[in-house]
Structure formats: C-alpha cells, structure tokens
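[1] Dropping a prediction and its sequence here:
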Amino acid sequence: MASSGEQKRLPKGTFPPLLTLGEALDLALRIYEHGGGSASSDLLSQLARNSVSSSTFIKKVASLRSYGLASEQNKTTTLTDLGLAIAAPSDPEGKVSALKSAFLKIDVFSRVYERHKGKLLPADEFLRNIIQSECGIPRDIADLWVRSFKDSARTAGLLLERSDGRTQVRDVATAEVGNA
C-alpha cells in the first residue's frame, strides 16, 4: 500500500500518448526526411530533441508505436506502412485514410469516435464524463484525454467546425487536415 507521500502508479494506457497525432506525424515526417524512413536511436534522439535515455524520448517513441506509425527493432525505429502512407503518400485519399487509421489505433479515441461519428461533439464537460465512465479513465486525467482527442481528431480531418459554433464528428475524413 502506498504511503500518503507516494503516488499510486496508474496502469499502462491510462494516459493519452505523449504526442498528439499532429506531433507524432511531425516526428514521422522528420524520420522520413532525415533517415529515409528509419532512424537509429542517435538520429531519432536528435529529431525528437531528447536524449535517448530520457523518459520523454521513450514516451515519444511509444506514441509513434501507439498510432501505428513506427516500429522498433535493434535500436532502430522504422516507419510502418501506415507511417509511410502519411509521410510519403502516393495519393491524397490514401493519406486521409491513413490519418484516420492512425487516429483510431488509440482505443479511447476509437471508442469516443464510434459513439459520436455523424453527430455533434458534446461540450468538454460531457465529453470528459463519457471518457471517464465509458473508457475507465480516472477523473484527474480525463481533461488530458479530451484535449488530445480533439487535437488528434482535427489533425485526422474528423472534426467539422460548424458556422453555429458547434463541432460535428465527421464519418468520413477530409483532406483539409491541419498538420498533415
């Protein structure tokens, strides 16, 4: 049992990926541009702007894996087919489809998206409650998930900002994506 001075460690997957989808795409693009689609730990640490041994670096690489953009083997990070479809697309539709696929790799994002696609996105307070109750995310980090969901869904072209100020969750992604 943890003493009052210690924090309880939360299970893996409780926190959203350190990088939003847009930030992960930026790193994947740098891997493609500087390493041709793969990067040694040393090169990746330069591209990620963190030392290889830092926890932030490890979490950034984990973000790439979580979105399905890269895999790791023998201290080399290589873009997956999904990562290459985004970093070096052969056509715009393929890139849009790959962005949506990467977004949906995150279980919480996928669950919230499936519940709301084609509908209006609820206000943050209600979205936070849905993430807590339906995805089992602790209350104190649910706001992180709300921000990460919205930022990543925008990057994937899955949110439509309507003229009435409301946000609608698109069933089909659009090519007008933010960071991609």
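    Structure received. Numbers count the residues shown, from 1 in each chain.
[2] Checking Met78 next. Helix, strand or coil?
    Let me fix one detail, which is that residue 78 is Thr and not Met. State at Thr78, reduced to three classes by DSSP: H, G, I helix; E, B strand; the rest coil: strand.
[3] residues contacting it?
    Thr78 makes contact with 37-39, 70-72 under the criterion Cβ atoms under 8 Å, 6 or more residues apart in numbering. In this view, the C-beta of every residue, glycine as well, is placed from N, C-alpha and C.
[4] can I get those residues in a markdown table with distance to Lys105 and neighbour count?
    Shown next, in a markdown table, are the contacts of Thr78 (distance: Cβ to Cβ, whole Å; neighbours: other Cβ atoms under 10 Å):
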| residue | distance to Lys105 | neighbour count |
| --- | --- | --- |
| Gly37 | 19 | 17 |
| Ser38 | 20 | 16 |
| Ala39 | 20 | 25 |
| Ala70 | 12 | 27 |
| Ser71 | 13 | 14 |
| Glu72 | 16 | 14 |
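[5] which one of these is nearest Arg30?
    Comparing these against Arg30 with Cβ to Cβ places Ala39 closest, at 8.4 Å.
[6] pLDDT weak spots in the protein?
    Across the chain, the ranges flagged by pLDDT under 70 are 1-13, 175-180.
[7] Show me where it has its helices.
    Using DSSP state H, the helices of the chain run over 21-35, 41-48, 55-66, 81-87, 92-104, 107-116, 124-135, 139-155.
[8] Include distance to Gly165 when you put the ones you listed into JSON lines, please.
    Listed next are those as JSON lines, based on distance: least, Cβ to Cβ, whole Å:
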{"stretch": "helix 21-35", "distance to Gly165": "23"}
{"stretch": "helix 41-48", "distance to Gly165": "37"}
{"stretch": "helix 55-66", "distance to Gly165": "31"}
{"stretch": "helix 81-87", "distance to Gly165": "30"}
{"stretch": "helix 92-104", "distance to Gly165": "23"}
{"stretch": "helix 107-116", "distance to Gly165": "17"}
{"stretch": "helix 124-135", "distance to Gly165": "14"}
{"stretch": "helix 139-155", "distance to Gly165": "15"}
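[9] Can you check which of the ones you listed gets nearest to Phe15?
    Checking the helices of the chain against Phe15 by Cβ to Cβ gives helix 139-155 as the closest, at 6.1 Å.
[10] re the thing from before, which of the contacts of Thr78 lies at the shortest distance from Lys117?
    Ala70 (26.7 Å).
[11] ok, now which ones touch the nearest residue to the closest one once chain neighbours are set aside?
    Using Cβ to Cβ, 6 or more residues apart in numbering and skipping the chain neighbours, the partner closest in space to Ala70 is Leu64 (3.9 Å). When contacts are counted by Cβ under 8 Å, 6+ apart, Leu64 touches 19, 24, 27-28, 70, 77, 83.
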